[in-house]
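**Q** below is the structure, and that's it, no one-letter string:
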(Lines give C-alpha, C1' and ligand atoms only; values in the text may rest on other atoms or scores of the structure.)
Protein backbone atom coordinates (compact mmCIF):
# COMPACT_ATOMS: atom_id res chain seq x y z
CA UNK A 1 0.00 0.00 0.00
CA UNK A 2 1.13 3.53 -0.74
CA UNK A 3 2.47 5.92 1.84
CA UNK A 4 1.65 8.79 -0.46
CA UNK A 5 -1.51 10.78 0.04
CA UNK A 6 -3.70 9.94 -2.93
CA UNK A 7 -7.12 11.54 -3.30
CA UNK A 8 -9.61 10.52 -5.99
CA UNK A 9 -12.66 12.63 -6.83
CA UNK A 10 -15.39 10.18 -7.86
CA UNK A 11 -18.90 10.59 -9.19
CA UNK A 12 -21.45 9.67 -6.49
CA UNK A 13 -25.19 9.20 -6.32
CA UNK A 14 -27.73 10.57 -3.83
CA UNK A 15 -26.33 7.85 -1.59
CA UNK A 16 -22.74 9.03 -1.54
CA UNK A 17 -21.42 5.50 -1.09
CA UNK A 18 -22.68 4.57 -4.57
CA UNK A 19 -19.83 5.43 -6.96
CA UNK A 20 -21.08 4.42 -10.36
CA UNK A 21 -19.03 6.25 -13.01
CA UNK A 22 -17.49 3.85 -15.57
CA UNK A 23 -14.45 6.10 -15.96
CA UNK A 24 -13.89 6.34 -12.21
CA UNK A 25 -14.06 2.56 -12.07
CA UNK A 26 -11.25 2.35 -14.61
CA UNK A 27 -9.14 4.39 -12.20
CA UNK A 28 -10.21 2.50 -9.07
CA UNK A 29 -9.21 -0.81 -10.64
CA UNK A 30 -5.94 0.72 -11.89
CA UNK A 31 -5.08 1.95 -8.38
CA UNK A 32 -5.86 -1.48 -6.91
CA UNK A 33 -3.76 -3.18 -9.62
CA UNK A 34 -0.86 -0.96 -8.53
CA UNK A 35 -1.50 -1.81 -4.87
CA UNK A 36 -2.40 1.81 -4.15
CA UNK A 37 -5.14 3.16 -1.95
CA UNK A 38 -6.73 6.53 -2.59
CA UNK A 39 -9.11 8.42 -0.41
CA UNK A 40 -12.30 8.63 -2.48
CA UNK A 41 -14.09 11.97 -2.39
CA UNK A 42 -17.73 11.89 -3.50
CA UNK A 43 -18.48 14.40 -6.22
CA UNK A 44 -21.68 15.23 -8.08
CA UNK A 45 -22.14 16.45 -11.66
CA UNK A 46 -23.05 19.95 -10.49
CA UNK A 47 -20.09 20.31 -8.11
CA UNK A 48 -18.03 22.00 -10.82
CA UNK A 49 -16.48 24.45 -8.34
CA UNK A 50 -15.03 21.65 -6.22
CA UNK A 51 -12.77 20.43 -9.04
CA UNK A 52 -12.12 23.83 -10.64
CA UNK A 53 -8.51 23.55 -9.37
CA UNK A 54 -8.02 20.69 -11.86
CA UNK A 55 -9.23 22.82 -14.79
CA UNK A 56 -11.63 19.98 -15.54
CA UNK A 57 -15.40 19.79 -15.36
CA UNK A 58 -15.62 16.06 -14.83
CA UNK A 59 -14.10 13.22 -12.86
CA UNK A 60 -12.00 11.18 -12.20
CA UNK A 61 -9.52 13.69 -10.84
CA UNK A 62 -6.56 12.28 -8.92
CA UNK A 63 -4.47 14.36 -6.54
CA UNK A 64 -1.12 12.84 -5.59
CA UNK A 65 0.67 14.88 -2.93
CA UNK A 66 -0.38 18.15 -4.55
CA UNK A 67 -0.04 16.98 -8.17
CA UNK A 68 -3.36 16.99 -10.02
CA UNK A 69 -4.05 14.53 -12.83
CA UNK A 70 -7.35 14.23 -14.63
CA UNK A 71 -8.82 12.02 -17.37
CA UNK A 72 -8.70 8.29 -16.67
CA UNK A 73 -6.28 7.54 -19.53
CA UNK A 74 -3.81 10.20 -18.35
CA UNK A 75 -4.18 8.90 -14.79
CA UNK A 76 -3.27 5.39 -15.99
CA UNK A 77 -0.13 6.76 -17.66
CA UNK A 78 0.70 8.77 -14.56
CA UNK A 79 0.43 5.68 -12.37
CA UNK A 80 2.60 3.65 -14.75
CA UNK A 81 5.28 6.36 -14.78
CA UNK A 82 5.25 7.29 -11.10
CA UNK A 83 4.85 3.83 -9.59
CA UNK A 84 7.16 1.79 -11.81
CA UNK A 85 7.92 -0.78 -9.09
CA UNK A 86 4.25 -1.73 -8.81
CA UNK A 87 2.77 -4.29 -11.25
CA UNK A 88 2.39 -2.82 -14.72
CA UNK A 89 -1.11 -1.88 -15.87
CA UNK A 90 -0.12 -3.29 -19.25
CA UNK A 91 -0.37 -6.80 -17.78
CA UNK A 92 0.84 -9.30 -20.36
CA UNK A 93 1.42 -6.43 -22.80
CA UNK A 94 4.63 -4.49 -22.99
CA UNK A 95 3.01 -1.06 -22.72
CA UNK A 96 -0.19 0.80 -22.00
CA UNK A 97 -0.51 1.68 -25.70
CA UNK A 98 -1.70 -1.89 -26.26
CA UNK A 99 -4.71 -1.10 -24.04
CA UNK A 100 -5.74 2.01 -25.99
CA UNK A 101 -7.97 0.32 -28.52
CA UNK A 102 -10.04 -1.48 -25.87
CA UNK A 103 -10.40 1.81 -24.01
CA UNK A 104 -11.56 3.68 -27.10
CA UNK A 105 -13.94 0.88 -27.98
CA UNK A 106 -15.41 0.95 -24.47
CA UNK A 107 -15.94 4.71 -24.64
CA UNK A 108 -17.06 5.13 -28.24
CA UNK A 109 -19.01 1.95 -28.91
CA UNK A 110 -19.97 0.18 -25.68
CA UNK A 111 -20.77 3.21 -23.52
CA UNK A 112 -23.37 4.73 -25.89
CA UNK A 113 -25.04 1.35 -26.39
CA UNK A 114 -25.20 0.79 -22.64
CA UNK A 115 -26.26 4.38 -21.89
CA UNK A 116 -29.57 3.93 -23.68
CA UNK A 117 -30.33 0.98 -21.41
CA UNK A 118 -29.03 2.47 -18.15
CA UNK A 119 -29.87 6.17 -18.20
CA UNK A 120 -33.32 5.81 -16.59
CA UNK A 121 -31.67 3.94 -13.70
CA UNK A 122 -28.76 6.39 -13.49
CA UNK A 123 -31.30 9.20 -13.19
CA UNK A 124 -32.88 7.58 -10.13
CA UNK A 125 -29.55 7.04 -8.42
CA UNK A 126 -28.47 10.68 -8.82
CA UNK A 127 -28.54 13.28 -6.09
CA UNK A 128 -31.61 15.50 -6.62
CA UNK A 129 -29.39 18.52 -7.26
CA UNK A 130 -27.86 16.75 -10.30
CA UNK A 131 -31.09 15.71 -11.94
CA UNK A 132 -31.91 18.84 -13.92
CA UNK A 133 -28.38 19.00 -15.36
CA UNK A 134 -28.40 15.30 -16.17
CA UNK A 135 -31.84 15.37 -17.77
CA UNK A 136 -31.04 18.36 -19.99
CA UNK A 137 -27.65 17.08 -21.17
CA UNK A 138 -28.72 13.46 -21.76
CA UNK A 139 -32.04 14.25 -23.40
CA UNK A 140 -30.29 16.60 -25.84
CA UNK A 141 -27.81 13.83 -26.66
CA UNK A 142 -30.43 11.09 -27.02
CA UNK A 143 -33.13 13.12 -28.77
CA UNK A 144 -35.85 11.81 -26.44
CA UNK A 145 -36.92 12.10 -22.81
CA UNK A 146 -35.52 9.83 -20.13
CA UNK A 147 -39.05 8.50 -19.63
CA UNK A 148 -39.28 7.43 -23.28
CA UNK A 149 -36.14 5.27 -23.17
CA UNK A 150 -37.62 2.19 -21.42
CA UNK A 151 -40.14 1.79 -24.26
CA UNK A 152 -37.27 0.75 -26.51
CA UNK A 153 -35.30 -1.15 -23.87
CA UNK A 154 -35.71 -4.55 -25.52
CA UNK A 155 -34.34 -3.20 -28.80
CA UNK A 156 -31.47 -1.53 -26.96
CA UNK A 157 -30.60 -4.79 -25.20
CA UNK A 158 -30.60 -6.62 -28.53
CA UNK A 159 -28.31 -3.98 -30.01
CA UNK A 160 -26.08 -4.13 -26.90
CA UNK A 161 -25.73 -7.88 -27.32
CA UNK A 162 -24.58 -7.29 -30.91
CA UNK A 163 -22.14 -4.58 -29.85
CA UNK A 164 -20.61 -7.00 -27.34
CA UNK A 165 -19.81 -9.60 -30.04
CA UNK A 166 -16.03 -8.88 -30.28
CA UNK A 167 -15.69 -9.01 -26.49
CA UNK A 168 -17.61 -12.29 -26.37
CA UNK A 169 -15.53 -13.81 -29.15
CA UNK A 170 -12.30 -12.86 -27.44
CA UNK A 171 -13.28 -14.16 -24.01
CA UNK A 172 -14.48 -17.45 -25.43
CA UNK A 173 -10.84 -18.46 -25.88
CA UNK A 174 -8.91 -16.53 -23.23
CA UNK A 175 -9.30 -15.36 -19.64
CA UNK A 176 -8.62 -11.66 -20.09
CA UNK A 177 -8.38 -9.18 -22.97
CA UNK A 178 -4.58 -9.36 -23.07
CA UNK A 179 -4.35 -13.09 -22.34
CA UNK A 180 -3.72 -14.82 -19.02
CA UNK A 181 -3.60 -11.77 -16.76
CA UNK A 182 -5.80 -8.70 -16.36
CA UNK A 183 -4.56 -5.39 -17.75
CA UNK A 184 -5.86 -1.86 -17.99
CA UNK A 185 -7.70 -2.95 -21.17
CA UNK A 186 -9.87 -5.20 -18.98
CA UNK A 187 -10.50 -2.42 -16.48
CA UNK A 188 -11.56 0.00 -19.24
CA UNK A 189 -14.25 -2.39 -20.42
CA UNK A 190 -15.11 -3.63 -16.92
CA UNK A 191 -15.74 -0.01 -15.84
CA UNK A 192 -18.79 -0.06 -18.11
CA UNK A 193 -20.09 -3.19 -16.38
CA UNK A 194 -19.57 -1.62 -12.95
CA UNK A 195 -21.59 1.38 -14.10
CA UNK A 196 -24.41 -1.03 -14.84
CA UNK A 197 -23.99 -3.02 -11.62
CA UNK A 198 -23.98 0.11 -9.44
CA UNK A 199 -27.17 1.63 -10.81
CA UNK A 200 -29.32 -1.15 -12.21
CA UNK A 201 -30.78 -4.63 -11.80
CA UNK A 202 -30.98 -5.24 -15.55
CA UNK A 203 -29.18 -8.41 -16.67
CA UNK A 204 -27.03 -7.20 -19.55
CA UNK A 205 -25.28 -10.54 -20.13
CA UNK A 206 -26.66 -14.06 -19.85
CA UNK A 207 -25.09 -16.47 -17.33
CA UNK A 208 -23.76 -18.70 -20.14
CA UNK A 209 -22.07 -15.79 -21.92
CA UNK A 210 -18.23 -15.90 -21.68
CA UNK A 211 -18.47 -12.21 -20.77
CA UNK A 212 -20.36 -13.21 -17.63
CA UNK A 213 -17.53 -15.45 -16.38
CA UNK A 214 -14.96 -12.74 -17.22
CA UNK A 215 -16.98 -10.18 -15.23
CA UNK A 216 -17.03 -12.60 -12.28
CA UNK A 217 -13.24 -12.87 -12.47
CA UNK A 218 -12.94 -9.07 -12.45
CA UNK A 219 -15.36 -8.78 -9.53
CA UNK A 220 -13.13 -11.19 -7.58
CA UNK A 221 -9.87 -9.30 -8.17
CA UNK A 222 -8.16 -7.43 -5.34
CA UNK A 223 -10.01 -9.26 -2.62
CA UNK A 224 -13.39 -8.57 -4.20
CA UNK A 225 -12.94 -4.79 -4.41
CA UNK A 226 -15.56 -4.32 -7.11
CA UNK A 227 -17.93 -7.00 -5.78
CA UNK A 228 -18.03 -5.32 -2.37
CA UNK A 229 -18.67 -1.84 -3.77
CA UNK A 230 -22.03 -0.40 -2.67
CA UNK A 231 -24.75 -0.48 -5.29
CA UNK A 232 -28.09 1.31 -5.63
CA UNK A 233 -30.97 0.31 -3.41
CA UNK A 234 -34.46 0.11 -4.76
CA UNK A 235 -35.60 2.89 -2.44
CA UNK A 236 -32.78 5.24 -3.45
CA UNK A 237 -34.59 6.28 -6.59
CA UNK A 238 -37.33 7.90 -4.56
CA UNK A 239 -35.12 9.98 -2.27
CA UNK B 1 13.20 -15.97 -46.52
CA UNK B 2 11.94 -19.46 -45.81
CA UNK B 3 13.38 -22.56 -47.36
CA UNK B 4 10.21 -24.40 -46.54
CA UNK B 5 7.59 -24.90 -49.17
CA UNK B 6 4.65 -22.76 -48.11
CA UNK B 7 1.47 -22.66 -50.16
CA UNK B 8 -1.41 -20.28 -49.47
CA UNK B 9 -4.84 -20.73 -51.02
CA UNK B 10 -6.26 -17.22 -51.51
CA UNK B 11 -9.58 -15.89 -52.73
CA UNK B 12 -9.22 -14.40 -56.21
CA UNK B 13 -11.41 -12.42 -58.58
CA UNK B 14 -12.13 -12.94 -62.27
CA UNK B 15 -8.66 -11.46 -62.73
CA UNK B 16 -6.76 -14.05 -60.74
CA UNK B 17 -4.11 -11.54 -59.70
CA UNK B 18 -6.69 -9.63 -57.66
CA UNK B 19 -6.63 -11.24 -54.19
CA UNK B 20 -9.13 -9.25 -52.17
CA UNK B 21 -10.16 -11.36 -49.16
CA UNK B 22 -9.68 -9.47 -45.86
CA UNK B 23 -8.88 -12.71 -44.04
CA UNK B 24 -6.30 -13.75 -46.63
CA UNK B 25 -4.70 -10.32 -46.25
CA UNK B 26 -4.32 -10.95 -42.53
CA UNK B 27 -2.30 -14.04 -43.42
CA UNK B 28 -0.28 -12.39 -46.21
CA UNK B 29 0.81 -9.62 -43.85
CA UNK B 30 1.56 -12.17 -41.11
CA UNK B 31 3.77 -14.19 -43.48
CA UNK B 32 5.63 -11.03 -44.56
CA UNK B 33 6.07 -9.99 -40.92
CA UNK B 34 7.72 -13.35 -40.33
CA UNK B 35 9.89 -12.90 -43.41
CA UNK B 36 8.23 -15.88 -45.09
CA UNK B 37 7.18 -16.27 -48.69
CA UNK B 38 4.30 -18.48 -49.69
CA UNK B 39 3.24 -19.49 -53.12
CA UNK B 40 -0.24 -18.00 -53.52
CA UNK B 41 -2.79 -20.23 -55.21
CA UNK B 42 -5.85 -18.43 -56.59
CA UNK B 43 -9.09 -19.93 -55.36
CA UNK B 44 -12.71 -19.01 -56.01
CA UNK B 45 -15.72 -19.33 -53.71
CA UNK B 46 -17.10 -22.23 -55.69
CA UNK B 47 -13.84 -24.20 -55.80
CA UNK B 48 -14.87 -26.17 -52.71
CA UNK B 49 -13.34 -29.39 -54.05
CA UNK B 50 -9.89 -27.85 -54.36
CA UNK B 51 -9.59 -27.30 -50.61
CA UNK B 52 -11.59 -30.34 -49.49
CA UNK B 53 -8.29 -31.83 -48.21
CA UNK B 54 -8.28 -29.11 -45.54
CA UNK B 55 -11.79 -30.02 -44.34
CA UNK B 56 -12.66 -26.36 -44.80
CA UNK B 57 -14.96 -24.61 -47.25
CA UNK B 58 -13.20 -21.27 -47.19
CA UNK B 59 -9.76 -19.69 -47.34
CA UNK B 60 -7.09 -18.87 -46.24
CA UNK B 61 -5.68 -22.38 -46.15
CA UNK B 62 -1.93 -22.69 -45.59
CA UNK B 63 0.03 -25.80 -46.47
CA UNK B 64 3.49 -26.03 -44.91
CA UNK B 65 5.44 -29.03 -46.20
CA UNK B 66 2.34 -31.21 -46.09
CA UNK B 67 0.86 -29.76 -42.90
CA UNK B 68 -2.48 -28.07 -43.52
CA UNK B 69 -3.62 -25.14 -41.38
CA UNK B 70 -6.80 -23.18 -41.99
CA UNK B 71 -8.51 -20.15 -40.43
CA UNK B 72 -6.42 -16.98 -40.30
CA UNK B 73 -6.24 -16.91 -36.49
CA UNK B 74 -5.01 -20.51 -36.30
CA UNK B 75 -2.52 -19.76 -39.07
CA UNK B 76 -1.15 -16.82 -37.04
CA UNK B 77 -0.68 -19.12 -34.03
CA UNK B 78 0.92 -21.76 -36.23
CA UNK B 79 3.41 -19.23 -37.61
CA UNK B 80 4.26 -17.98 -34.09
CA UNK B 81 4.84 -21.51 -32.87
CA UNK B 82 6.69 -22.93 -35.86
CA UNK B 83 8.83 -19.89 -36.73
CA UNK B 84 9.89 -18.72 -33.27
CA UNK B 85 13.15 -17.17 -34.51
CA UNK B 86 11.29 -14.81 -36.84
CA UNK B 87 9.89 -11.51 -35.47
CA UNK B 88 6.86 -12.13 -33.25
CA UNK B 89 3.44 -11.29 -34.65
CA UNK B 90 2.61 -9.94 -31.21
CA UNK B 91 4.85 -6.91 -31.93
CA UNK B 92 5.11 -4.79 -28.79
CA UNK B 93 2.78 -7.21 -27.02
CA UNK B 94 3.95 -10.28 -25.21
CA UNK B 95 1.61 -12.69 -26.93
CA UNK B 96 -0.86 -13.12 -29.77
CA UNK B 97 -3.73 -13.16 -27.25
CA UNK B 98 -3.35 -9.39 -26.99
CA UNK B 99 -4.31 -9.16 -30.67
CA UNK B 100 -7.52 -11.19 -30.29
CA UNK B 101 -9.83 -8.32 -29.43
CA UNK B 102 -8.83 -6.25 -32.48
CA UNK B 103 -9.31 -9.33 -34.65
CA UNK B 104 -12.78 -10.02 -33.26
CA UNK B 105 -13.71 -6.35 -33.61
CA UNK B 106 -12.54 -6.36 -37.24
CA UNK B 107 -14.60 -9.46 -38.03
CA UNK B 108 -17.75 -8.80 -36.01
CA UNK B 109 -18.10 -5.01 -36.19
CA UNK B 110 -15.99 -3.54 -38.99
CA UNK B 111 -16.48 -6.24 -41.63
CA UNK B 112 -20.32 -6.12 -41.63
CA UNK B 113 -20.29 -2.30 -41.74
CA UNK B 114 -17.86 -2.34 -44.64
CA UNK B 115 -19.62 -5.20 -46.44
CA UNK B 116 -22.73 -3.12 -47.02
CA UNK B 117 -20.58 -0.53 -48.79
CA UNK B 118 -18.35 -2.92 -50.74
CA UNK B 119 -20.51 -5.86 -51.79
CA UNK B 120 -21.67 -4.32 -55.10
CA UNK B 121 -18.00 -3.81 -56.03
CA UNK B 122 -16.98 -7.26 -54.78
CA UNK B 123 -19.67 -8.73 -57.01
CA UNK B 124 -18.16 -7.10 -60.10
CA UNK B 125 -14.67 -8.31 -59.28
CA UNK B 126 -15.75 -11.95 -58.88
CA UNK B 127 -15.22 -14.67 -61.42
CA UNK B 128 -18.52 -15.24 -63.24
CA UNK B 129 -18.69 -18.80 -61.88
CA UNK B 130 -18.81 -17.38 -58.31
CA UNK B 131 -21.52 -14.82 -58.87
CA UNK B 132 -24.60 -16.94 -58.32
CA UNK B 133 -23.23 -18.37 -55.07
CA UNK B 134 -22.17 -14.93 -53.87
CA UNK B 135 -25.46 -13.27 -54.76
CA UNK B 136 -27.57 -15.93 -53.03
CA UNK B 137 -25.52 -16.05 -49.83
CA UNK B 138 -25.04 -12.27 -49.46
CA UNK B 139 -28.59 -11.30 -50.37
CA UNK B 140 -29.92 -13.75 -47.77
CA UNK B 141 -27.61 -12.23 -45.17
CA UNK B 142 -28.42 -8.60 -46.08
CA UNK B 143 -32.13 -8.97 -46.70
CA UNK B 144 -31.94 -7.05 -49.98
CA UNK B 145 -30.55 -7.42 -53.48
CA UNK B 146 -27.01 -6.40 -54.34
CA UNK B 147 -28.48 -3.80 -56.69
CA UNK B 148 -30.43 -2.18 -53.84
CA UNK B 149 -27.35 -1.60 -51.66
CA UNK B 150 -25.96 1.50 -53.43
CA UNK B 151 -29.21 3.38 -52.73
CA UNK B 152 -28.23 3.45 -49.07
CA UNK B 153 -24.49 3.90 -49.59
CA UNK B 154 -24.32 7.36 -48.04
CA UNK B 155 -26.01 6.09 -44.86
CA UNK B 156 -23.69 3.09 -44.79
CA UNK B 157 -20.63 5.34 -45.12
CA UNK B 158 -21.90 7.49 -42.26
CA UNK B 159 -22.40 4.39 -40.12
CA UNK B 160 -18.95 3.09 -41.13
CA UNK B 161 -17.38 6.36 -39.99
CA UNK B 162 -19.09 5.90 -36.61
CA UNK B 163 -17.97 2.27 -36.35
CA UNK B 164 -14.37 3.38 -36.97
CA UNK B 165 -14.40 5.79 -33.98
CA UNK B 166 -12.36 3.59 -31.60
CA UNK B 167 -9.74 2.95 -34.29
CA UNK B 168 -9.55 6.69 -35.06
CA UNK B 169 -9.23 7.58 -31.36
CA UNK B 170 -6.43 5.08 -30.85
CA UNK B 171 -4.43 6.12 -33.91
CA UNK B 172 -4.69 9.80 -33.03
CA UNK B 173 -2.13 9.20 -30.30
CA UNK B 174 -0.04 6.25 -31.45
CA UNK B 175 1.41 4.81 -34.66
CA UNK B 176 0.02 1.28 -34.45
CA UNK B 177 -2.64 -0.57 -32.47
CA UNK B 178 -0.13 -2.01 -30.03
CA UNK B 179 2.07 1.11 -29.86
CA UNK B 180 5.27 1.85 -31.77
CA UNK B 181 5.44 -1.27 -33.92
CA UNK B 182 2.93 -3.13 -36.07
CA UNK B 183 1.48 -6.38 -34.76
CA UNK B 184 -1.02 -8.94 -35.93
CA UNK B 185 -3.73 -6.68 -34.44
CA UNK B 186 -2.88 -4.10 -37.10
CA UNK B 187 -2.93 -6.70 -39.86
CA UNK B 188 -6.36 -7.97 -38.78
CA UNK B 189 -7.85 -4.51 -39.14
CA UNK B 190 -5.76 -3.60 -42.18
CA UNK B 191 -7.06 -6.71 -43.96
CA UNK B 192 -10.46 -5.03 -44.07
CA UNK B 193 -8.93 -1.95 -45.72
CA UNK B 194 -7.15 -4.11 -48.30
CA UNK B 195 -10.46 -5.76 -49.11
CA UNK B 196 -11.76 -2.28 -49.91
CA UNK B 197 -8.66 -1.20 -51.83
CA UNK B 198 -8.64 -4.33 -53.98
CA UNK B 199 -12.25 -4.13 -55.13
CA UNK B 200 -13.36 -0.51 -54.94
CA UNK B 201 -12.58 3.16 -55.59
CA UNK B 202 -14.76 4.37 -52.73
CA UNK B 203 -12.90 6.61 -50.27
CA UNK B 204 -13.77 5.07 -46.91
CA UNK B 205 -11.55 7.40 -44.85
CA UNK B 206 -10.78 11.08 -45.37
CA UNK B 207 -7.16 12.16 -45.97
CA UNK B 208 -7.06 14.03 -42.62
CA UNK B 209 -8.28 10.99 -40.66
CA UNK B 210 -5.54 9.41 -38.48
CA UNK B 211 -6.70 6.08 -39.91
CA UNK B 212 -5.60 7.28 -43.35
CA UNK B 213 -2.01 7.88 -42.21
CA UNK B 214 -1.97 4.50 -40.42
CA UNK B 215 -3.18 2.76 -43.59
CA UNK B 216 -0.38 4.47 -45.53
CA UNK B 217 2.14 3.13 -42.99
CA UNK B 218 0.75 -0.37 -43.43
CA UNK B 219 0.81 -0.06 -47.23
CA UNK B 220 4.52 0.82 -46.99
CA UNK B 221 5.51 -2.16 -44.82
CA UNK B 222 7.59 -5.01 -46.24
CA UNK B 223 8.82 -3.01 -49.20
CA UNK B 224 5.31 -1.95 -50.16
CA UNK B 225 3.88 -5.47 -50.32
CA UNK B 226 0.27 -4.34 -49.92
CA UNK B 227 0.66 -1.16 -51.99
CA UNK B 228 1.97 -3.16 -54.93
CA UNK B 229 -0.80 -5.75 -54.80
CA UNK B 230 -2.96 -5.80 -57.94
CA UNK B 231 -6.36 -4.16 -57.57
CA UNK B 232 -9.54 -4.27 -59.64
CA UNK B 233 -9.66 -2.52 -62.99
CA UNK B 234 -12.71 -0.66 -64.11
CA UNK B 235 -13.17 -3.00 -67.03
CA UNK B 236 -12.98 -6.15 -64.89
CA UNK B 237 -16.56 -5.76 -63.75
CA UNK B 238 -17.82 -6.37 -67.26
CA UNK B 239 -15.91 -9.58 -67.94
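**A** Sure, I can see it. All of these numbers come straight from a predicted model, not from anything done at the bench.
**Q** which residues of chain A score low on pLDDT?
**A** A:1-3, A:234-239 (pLDDT under 70).
**Q** let's see that with 50 instead.
**A** Applying pLDDT under 50 to chain A picks out residues A:1-2, A:236-239.
**Q** what's the longest helix along it packed up against?
**A** When chain A is parsed with DSSP state H, its longest helix is helix A:210-228. When contacts are defined as 3 or more CB pairs under 8 Å, 6 or more residues apart in numbering or on different chains; DSSP states H and E, helix A:210-228 packs onto helix A:22-33, helix A:165-173, helix A:184-199. For glycine as for every other residue, the C-beta is placed from the backbone atoms N, C-alpha and C.
**Q** which stretch among those comes nearest residue B:142?
**A** helix A:165-173 (17.5 Å; CB to CB).
**Q** can I get the helices and strands packed on helix A:210-228 in CSV with distance to residue A:79 and mean neighbour count?
**A** Converted to CSV, the helices and strands packed on helix A:210-228 look like this (distance: least, CB to CB, whole Å; neighbours: other CB atoms under 10 Å in any protein chain shown):
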stretch, distance to residue A:79, mean neighbour count
helix A:22-33, 6, 25
helix A:165-173, 24, 19
helix A:184-199, 9, 26
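**Q** now render those helices as CSV, adding distance to residue B:21.
**A** Listed next are the helices and strands packed on helix A:210-228 as CSV, based on distance: least, CB to CB, whole Å:
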stretch, distance to residue B:21
helix A:22-33, 37
helix A:165-173, 19
helix A:184-199, 28
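**Q** so what are the domain limits for chain A?
**A** A:6-82, A:96-238 (automatic domain parsing).
**Q** mind checking which of the helices and strands packed on helix A:210-228 is nearest residue B:82?
**A** So among these, helix A:165-173 is nearest, using CB to CB, at 19.7 Å.
**Q** elements contacting the closest one?
**A** Using 3+ CB pairs under 8 Å, 6+ apart, helix A:165-173 is in contact with helix A:210-228, helix B:100-105.
**Q** so for residue B:171, which of the domains of chain A sits nearest?
**A** domain A:96-238 (8.9 Å).
**Q** and chain A, which residues reach chain B?
**A** Within chain A, the residues that sit near chain B (CB under 8 Å from any CB of the partner chain) are A:92-95, A:97-98, A:100-102, A:104-105, A:107-109, A:163, A:165-167, A:169-170, A:173-174, A:177-180, A:185.
**Q** any quick ChimeraX command for the buried ones out of the residues you listed?
**A** Typed into ChimeraX, the line below selects the buried ones among these, using 16 or more other CB atoms under 10 Å in any protein chain shown:
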select /A:92,93,94,95,97,98,100,101,102,104,105,107,108,109,163,166,167,169,170,174,177,178,179,185
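**Q** related to what we said a few turns ago, highest mean neighbour count out of the helices and strands packed on helix A:165-173?
**A** The highest mean neighbour count among the helices and strands packed on helix A:165-173, using mean count of other CB atoms under 10 Å in any protein chain shown, belongs to helix B:100-105: a mean of 25.
**Q** how far is that one from where the chain is centred?
**A** Its chain's C-alpha centre and that of helix B:100-105 lie 13 Å apart, by CA atoms, centre = their mean, to the nearest Å.
**Q** near chain A at all, the helix or strand just after that helix?
**A** For helix B:100-105, the succeeding helix or strand toward the C-terminus, using DSSP states H and E, is helix B:111-125. No - using CB under 8 Å from any CB, we find that helix B:111-125 stays clear of chain A, coming within 9.5 Å at best.
**Q** do any residues in the helix or strand that helix B:111-125 is followed by lie close to chain A?
**A** Later in the chain than helix B:111-125, the nearest helix or strand by DSSP H and E is helix B:128-142. No - judged by CB under 8 Å from any CB, helix B:128-142 stays clear of chain A, getting no closer than 14.3 Å.
**Q** and helix B:128-142, which residues are buried?
**A** For helix B:128-142, by 16+ other CB under 10 Å, it's B:130, B:131, B:134, B:135, B:138, B:139.
**Q** now, which of those sits nearest residue B:159?
**A** Nearest to residue B:159 among the buried residues of helix B:128-142: residue B:138, at 17.7 Å, using CB to CB.
**Q** residue A:48 touches residue A:59, doesn't it?
**A** No - contact criterion CB atoms under 8 Å: residue A:48 and residue A:59 do not qualify, at 10.7 Å.
**Q** what touches both of those two?
**A** Counting by CB atoms under 8 Å, 6 or more residues apart in numbering or on different chains, residue A:48 and residue A:59 have no shared contacts at all.
**Q** these two - which one has more neighbours?
**A** residue A:59 (28 against 13; other CB atoms under 10 Å in any protein chain shown).
**Q** look at the residue lying closest to that one once chain neighbours are set aside and tell me its secondary structure.
**A** Nearest non-adjacent residue to residue A:59, counting by CB to CB, 6 or more residues apart in numbering or on different chains: residue A:9, 4.7 Å away. When classified by DSSP: H, G, I helix; E, B strand; the rest coil, residue A:9 comes out as strand.
**Q** which ones are touching the closest residue to residue A:217 other than its chain neighbours?
**A** Setting aside the residues directly before and after it, residue A:217 is nearest to residue A:175 in space (CB to CB, 6+ apart), at 6.7 Å. Residue A:175 sits next to A:181, A:214, A:217 when contact means CB under 8 Å, 6+ apart.
**Q** these two touch, right, the second one and residue A:171?
**A** Yes - in terms of CB under 8 Å, residue A:214 counts as a neighbour of residue A:171; the distance is 4.7 Å.
**Q** so residue A:118 makes contact with residue A:199?
**A** Yes - with contact defined as CB under 8 Å, residue A:118 and residue A:199 form a contacting pair (6.0 Å).
**Q** which residues are contacting stretch A:206-220?
**A** Outside stretch A:206-220, the residues that reach it (CB under 8 Å, 6+ apart) are A:29, A:164, A:167-168, A:171-172, A:175-176, A:182, A:186-187, A:190, A:193, A:205, A:226-227.
**Q** the residue nearest to residue A:78 when sequence neighbours are not counted - how many residues pack around it?
**A** Using CB to CB, 6+ apart and skipping residues adjacent in sequence, the residue nearest residue A:78 is residue A:69, 4.6 Å away. A count of neighbours around residue A:69, defined by other CB under 10 Å, yields 20.
**Q** surely residue A:133 meets residue A:47?
**A** No - checked against CB under 8 Å, the pair residue A:133 and residue A:47 is beyond contact range at 10.5 Å.
**Q** residue A:89: what secondary structure?
**A** Three-state call for residue A:89 (three-state DSSP): coil.
**Q** can you tell me the closest non-neighbouring residue to it?
**A** Using CB to CB, 6+ apart, the closest residue to residue A:89 is residue A:184 (4.0 Å).
**Q** wait, doesn't the one you found sit right on residue A:96?
**A** Yes - using CB under 8 Å, residue A:184 is in contact with residue A:96, at 6.2 Å.
**Q** find residues that contact each of those two.
**A** Residues touching both residue A:184 and residue A:96 comprise A:76, A:89, A:90, with contact defined as CB under 8 Å, 6+ apart.
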